[in-house]
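1. from the sequence below, what's the structure:
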Amino acid sequence: MYYRIAKNYGATSLAMVTYLLPIFGAILGCFFLGEHLDAKFGLAAFLILTGVFVVNLKPKSKRTDVEAASLLGEQ
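-> Next comes the predicted model:
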């Protein structure tokens with residue numbers, strides 16, 4: 001799945017997947033190895049998922065390079 005995402009969606013999407021790997025690893029460890037999840041895991045998973053969500057938000061308006069340069073005072 002990791003390589004399929006790399007091939008089809010590119011490096012940006014692949015970076016988001018790498019942030020999610022500890023969550024999947026902990027959940028699989030819970031099921032297959034009998035590990036126990038506590039409140040620290042919940043907080044960490046929440047922070048990771050929130051970060052991934054925020055990074056993937058689309059901006060409301062897209063500025064062109066010319067508009068961005070004019071806002072910065074560049075010509």
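2. residue ranges of the helices in the protein, please?
-> When assigned using DSSP state H, the helices of the chain occupy the ranges 2-9, 11-33, 39-55, 65-71.
3. residues making contact with the first one?
-> Taking C-beta atoms under 8 Å, 6 or more residues apart in numbering as the criterion, the residues outside helix 2-9 that touch it are 13-14, 17. All C-beta spots, glycine's among them, are computed from the backbone N, C-alpha and C.
4. in a markdown table: these, plus neighbour count.
-> As requested, the contacts of helix 2-9 are arranged in a markdown table below (neighbours: other C-beta atoms under 10 Å):
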| residue | neighbour count |
| --- | --- |
| 13 | 12 |
| 14 | 15 |
| 17 | 15 |
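5. follow-up on the earlier one: mean pLDDT added to the helices of the chain, as JSON lines?
-> Formatted as JSON lines, the entries for these read as follows, by pLDDT from 0 to 100:
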{"stretch": "helix 2-9", "mean pLDDT": "81"}
{"stretch": "helix 11-33", "mean pLDDT": "88"}
{"stretch": "helix 39-55", "mean pLDDT": "92"}
{"stretch": "helix 65-71", "mean pLDDT": "57"}
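6. got the contact list for residue 13?
-> With the criterion set at C-beta under 8 Å, 6+ apart, residue 13 makes contact with residue 5.
7. now do residue 22
-> Taking C-beta under 8 Å, 6+ apart as the definition, contacts of residue 22 comprise 44, 48.
8. ok, it to residue 38 distance?
-> Per C-beta to C-beta, to the nearest Å, residue 22 is found 15 Å from residue 38.
9. against residue 47, how distant is residue 11?
-> According to C-beta to C-beta, residue 11 and residue 47 sit 23 Å apart.
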